[in-house]
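A.B. asks: what's the 3D shape of this:
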Amino acid sequence: MKLTIQYKQAEEGGYIAQVKELPAVISEGETIEETRGNILDALNLYIEYIFFERSYS
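C.D. replies: Residues are numbered from 1 along each chain as shown. You can find the predicted model right below:
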């Protein structure tokens, strides 16, 4: 599955990132590099959560 990460500048400064196909996966950071790392961490946590939930349901 290919996922699209959308970046935009935050009004208060820094950046916001969201996975287009998974609207619940959103993060922010002061720089694009920090924001990219943060959104990838958020995506990994989301995937771990989904896997965990399906394993014990």
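
A.B. asks: need the longest strand for the chain.
C.D. replies: Ranked by number of residues, the top strand in the chain under DSSP state E is strand 22-29.

A.B. asks: contacting residues around the spatially most central residue of the chain?
C.D. replies: In the chain, the centroid-proximal residue (Cα atoms, centre = their mean) is Ile39; its distance is 3.3 Å. Ile39 sits next to 5, 17-19, 25-27 when contact means Cβ atoms under 8 Å, 6 or more residues apart in numbering. C-beta here means a position set from N, CA and C on the backbone, and glycine is covered the same way.

A.B. asks: Report the backbone C-alpha coordinates of the one helix or strand it maps to in CSV.
C.D. replies: Taking DSSP states H and E as the definition, Ile39 sits inside helix 32-55. Coordinates of each C-alpha in helix 32-55 appear next as CSV, following Å, rounded to 0.1, in the frame of the first residue of the first chain:
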residue,chain,number,x,y,z
ILE,A,32,10.5,19.7,7.7
GLU,A,33,13.1,17.2,8.8
GLU,A,34,11.7,17.1,12.3
THR,A,35,8.2,16.9,11.0
ARG,A,36,9.1,14.0,8.7
GLY,A,37,10.6,12.0,11.6
ASN,A,38,7.6,12.8,13.8
ILE,A,39,5.0,11.7,11.1
LEU,A,40,6.9,8.5,10.5
ASP,A,41,6.9,7.8,14.2
ALA,A,42,3.2,8.5,14.4
LEU,A,43,2.6,6.1,11.4
ASN,A,44,4.6,3.4,13.0
LEU,A,45,2.6,3.7,16.3
TYR,A,46,-0.6,3.6,14.4
ILE,A,47,0.4,0.4,12.5
GLU,A,48,1.6,-1.2,15.8
TYR,A,49,-1.8,-0.3,17.4
ILE,A,50,-3.8,-1.8,14.5
PHE,A,51,-1.7,-5.0,14.6
PHE,A,52,-2.1,-5.3,18.4
GLU,A,53,-5.8,-4.7,18.2
ARG,A,54,-6.3,-7.3,15.5
SER,A,55,-4.1,-9.8,17.4
